[in-house]
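**Student:** Quick check, what structure comes out for this input:
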Amino acid sequence: MGKFQKPNLPENITEEERRAAMFDALYSLDLSDKLERREENDKLSYLSWANAWAEFKRAYPDASYRIVKDTETNLPYFNDPDIGIMVYTEVTADNQTYEMWLPVMNGANKAMKTQPYTYQVYDGYKRQYVEKTVQAATMFDVNKAIMRCLVKNLAMFGLGLYVYAGEDLPEKSNEEQQAGQGEAQTKRQTRKTGKAMAQPPVQEKYAGIKAALSYCNDQASLMNLYRQHRNEVENNAEIKALFTERKQQIQTAA
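**Tutor:** Numbering: from 1, shown residues only. Got it, this is the predicted structure:
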């Protein structure tokens, strides 16, 4: 479990077919023994850059990566005072190069800048918008973003791609939890009064999982995705039905 094995491929396979087979092998790799959690009660899992790189090198021993630097500053990040800081990486393996980018973010997934700034978020308890502060980014934040970017870069080759299906680091923020509690409170209020209070729009919670299902081309990858999101699947009839439907499609195609 969690150790890459190169797929047995016929000699007359095309380069495109070979790369597709390698992608499927990496995507189907069971990483459950290498996924980590920030806290014991945290449902969000992530793959550390060290584990990701170790597994990737088993698949592609000649793989290399590059941290893209700003040619004007020679620093490993690009800064726009208005919108924030972005980092880039490039991974090369099997004569193909993929690029990935990631903004430097705080624990609430807000873009960090070189100067602190404020924004408003809906407080479910107070039933009003409150002001939050995003602190200025440090080199620690930049370094963390670079390594997270590298892991996402490796996912472009298939490794751990299912980990990013609707869930990404960092962990769910306090204001998101409060917003969810506020939504529940609104539903209770609606039942009592028949009138709903105004609420900010909420993104589709399971959009990432639904998208990831389309990448599952065999039972192994489908099972990996199910294990990663077991709680969501078992507690949501719609998502569970989609998994069942995808399973039947794979069986029919086979």
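
**Student:** Make sure I have this right: Gln120 is in a helix.
**Tutor:** No. Gln120 is assigned strand when assessed by DSSP: H, G, I helix; E, B strand; the rest coil, not a helix.

**Student:** Helix, strand, or coil at the nearest residue to it once chain neighbours are set aside?
**Tutor:** Computed as CB to CB, 6 or more residues apart in numbering, the closest residue to Gln120 that is not its neighbour in sequence is Tyr129, at 4.4 Å. From N, CA and C alone the C-beta is placed, and that goes for glycine too. Put simply, Tyr129 is strand when judged by three-state DSSP.

**Student:** ok, now which ones touch Tyr129?
**Tutor:** Contact analysis of Tyr129 by CB atoms under 8 Å, 6 or more residues apart in numbering lists 120-123.

**Student:** let's go with 7 Å and repeat that
**Tutor:** Contacts for Tyr129 (CB atoms under 7 Å, 6 or more residues apart in numbering) come out as 120-122.

**Student:** quick one, strands of the chain?
**Tutor:** Using DSSP state E, the strands assigned to the chain run over residues 35-36, 46-47, 64-67, 78-80, 84-93, 96-103, 117-123, 128-134.

**Student:** Can you name the residues that contact Val233?
**Tutor:** Contact criterion CB under 7 Å, 6+ apart gives 226, 239-240, 243 as the residues in contact with Val233.

**Student:** Gln96 - how many residues pack around it?
**Tutor:** Other residues lying near Gln96 total 11 when counted by other CB atoms under 10 Å.

**Student:** how far away is the nearest residue to it once chain neighbours are set aside from Tyr162?
**Tutor:** In space, and not counting its chain neighbours, Gln96 is closest to Arg19: 7.3 Å by CB to CB, 6+ apart. Using CB to CB, to the nearest Å, we find Arg19 at a distance of 19 Å from Tyr162.

**Student:** out of these two, which sits in the busier spot?
**Tutor:** Using other CB under 10 Å as the criterion, Arg19 and Tyr162 rank with Tyr162 on top: 27 against 17.

**Student:** now Cys216: how far from Leu35?
**Tutor:** As defined by CB to CB, Cys216 lies at a distance of 18 Å from Leu35.

**Student:** These two: who's more crowded?
**Tutor:** Using other CB under 10 Å, the more surrounded residue of Cys216 and Leu35 is Cys216, with 23 against 18.

**Student:** Tell me the spatial nearest neighbour of that one, not counting adjacent residues.
**Tutor:** Sequence neighbours aside, Leu222 is the residue nearest to Cys216 in space, at 4.2 Å (criterion: CB to CB, 6+ apart).

**Student:** What is the burial count for the one you found?
**Tutor:** Neighbour count of Leu222, defined by other CB under 10 Å: 21.
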